[in-house]
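> Below are the sequence and a predicted model for it; my questions follow.
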Amino acid sequence: KELMRYSDQAFPLETQLFPKHWTVKQYLEEYATDVKGLIQLETQVLEVKLKDENLSTWSITTKSLPTGIDRTHTYDAVVVASGHFTVPNVPEISGIQTWDASYPGVISHSKFFNSPEPFRGKKVVVVGSSASGLDIGAQINEVSQGKLVSQRSESYMAAPPNGDTIICPEIVEFLPPTAYDRGIKFADGRIEERIDAVVFCTGYFYSYPFLSSLNPPAVTHGWRTMNVYQQLFYIDHPTLVFPVLSQQVIPFSLAENHAAVFSRVWSARLTLPPKDEMKAWENSEIDAKGDGKDFHRLPFPMDADYLNFLYDWAEKAKHRAGLSNNGQGKLGTRWGEQERWMRKNFPEIRRAFVQRGDKRSEIKNLAELGFSFKEWKRHQDEN
């Protein structure tokens, strides 16, 4: 909770170290109090289309879901904050289509997970070991008869397996229904039959159906967002931005720092480089990371460096009379040595938290888990 907070609002002191989902929901609703009146709910965005090439203005068509009425308005700038958890990625594995047709409803994706209850008493395979796989797997494990976790590599966040959880390598084949009873084969040769449910926690594709007219496009293969500068600005028309495209990051603080930057650019307090320089930045990232899903991945310390880069970028903006913070305005979050220490030790912290079991709700801070930045710093200084 110390890392995922916004800069100007802490979580309540009584909140457990890793907040429950309802606590986060309440935190966001309270943070949004001042802007709730500006939000149009039950409104579908049908199209975001460039209206004026020279002004870089946008025509947006929306549909009111209660009335079915379409409306089109013009805007000077657009923030695409729709996230990247819409189009699920289910890997193409040998035999999966035949298996799915033979056992409809057995294969699902984390996108459609709402409750562990449908898995009560069942034999379940959870595929994937990132955050969603760990969280969903933990919930399923409380009610299922048996749980298998299929993963390509060991998760850096996972606690040691408990109960009747079996860790398996990746699935290589969904076995023919004519020869096996709901059978699956793993990379180590292990075969499991009578599988009641397979939940893929294998991520998503980037998708913006309302930007289909964009040229150059924002997506092609879906593994990343295209034509973006610094993981944020649409290069050809920077009045369009895509905050928090990055993965393996802390999203709230990153969203805040992104907003600090693009608001200063749009209010002419910061200036972007020429288009060819922005494109050169994207090409250099492709050379370093490839043109796939790694383009948006920022594992530590890359995430910390990027967060601070954004803060420092916003801090360079021209001061303006009437703004808070002596004319600078709100800047967001900058991680110092203590925050970077927390982020670096996050896997160990999370494992220690999970191992507390039913007593997790009693853990309010790092010290109660036995982690102390001051002690670590003292040892560093002594050495």
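Cool, got the structure.

> what helices or strands is the helix or strand harbouring residue 134 leaning on?
Element membership for residue 134, per DSSP states H and E: helix 131-141. Taking 3 or more CB pairs under 8 Å, 6 or more residues apart in numbering; DSSP states H and E as contact, the helices and strands that helix 131-141 lies on are strand 123-127, strand 146-150. All C-beta atoms are positioned from the backbone trio N, CA, C, and that covers glycine.

> So which bits of that helix are buried?
Applying a neighbour-count criterion of 16 or more other CB atoms under 10 Å, one finds 132, 133, 134, 136, 137, 138, 140, 141 buried in helix 131-141.

> and the angle from that helix to strand 146-150?
Put simply, helix 131-141 runs at 170 degrees to strand 146-150, going by axes from the mean of the first three to the mean of the last three CA atoms, to 10 degrees.

> What values do phi and psi take at the residue lying closest to residue 207 once chain neighbours are set aside?
Sequence neighbours aside, residue 87 is the residue nearest to residue 207 in space, at 4.3 Å (criterion: CB to CB, 6 or more residues apart in numbering). Comment: the main-chain dihedrals of residue 87 come out as phi -100, psi 110, following degrees, to the nearest 10.

> beta partners of residue 87?
Beta-bridge partners for residue 87, by DSSP bridges, are residue 205.

> which stretches of the stretch 151-300 of the chain have low pLDDT?
Counting by pLDDT under 70, the ranges of the stretch 151-300 of the chain that qualify are 153-164.

> where along it do the helices fall?
251-266, 275-289 (DSSP state H, counting those that start in this stretch).

> For the first one, buried residues please.
Within helix 251-266, the residues that qualify as buried are 252-265, counting by 16+ other CB under 10 Å.

> can you list contacts of that helix?
Outside helix 251-266, the residues within contact range by CB atoms under 8 Å, 6 or more residues apart in numbering are 3-7, 76-77, 79, 81, 232-233, 238-239, 241, 243-244, 246, 270-272, 303, 306-307, 310-311, 313-314, 317, 329-333.

> Could you turn the buried ones of those residues into a PyMOL selection?
Once 16+ other CB under 10 Å is used to decide burial, the buried members of those can be selected in PyMOL as follows:
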select buried, resi 3+5+6+7+77+79+232+233+238+239+241+243+244+246+270+303+306+307+310+311+313+314+317+329+331+332+333
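
> quick one on the thing from earlier: could I get the helices of the stretch 151-300 of the chain as JSON lines with distance to residue 109?
Below are the helices of the stretch 151-300 of the chain laid out as JSON lines (distance: least, CB to CB, whole Å):
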{"stretch": "helix 251-266", "distance to residue 109": "21"}
{"stretch": "helix 275-289", "distance to residue 109": "26"}
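
> Out of these, which gets nearest to residue 225?
For the helices of the stretch 151-300 of the chain, proximity to residue 225 was assessed by CB to CB; helix 275-289 is nearest, at 10.4 Å.

> centre of the chain versus the helix or strand sitting right after the closest one along the chain, how much separation?
Where DSSP H and E defines the elements, the next helix or strand beyond helix 275-289 is helix 302-315. Between the centre of helix 302-315 and the centre of its host chain there is 18 Å, according to CA atoms, centre = their mean, to the nearest Å.

> which residues touch the next helix or strand after helix 302-315?
Following the chain from helix 302-315 toward its C-terminal end, the next helix or strand by DSSP H and E is helix 324-327. Residues lying outside helix 324-327 but in contact with it, judged by CB under 8 Å, 6+ apart, are 319, 320, 321, 330, 331.
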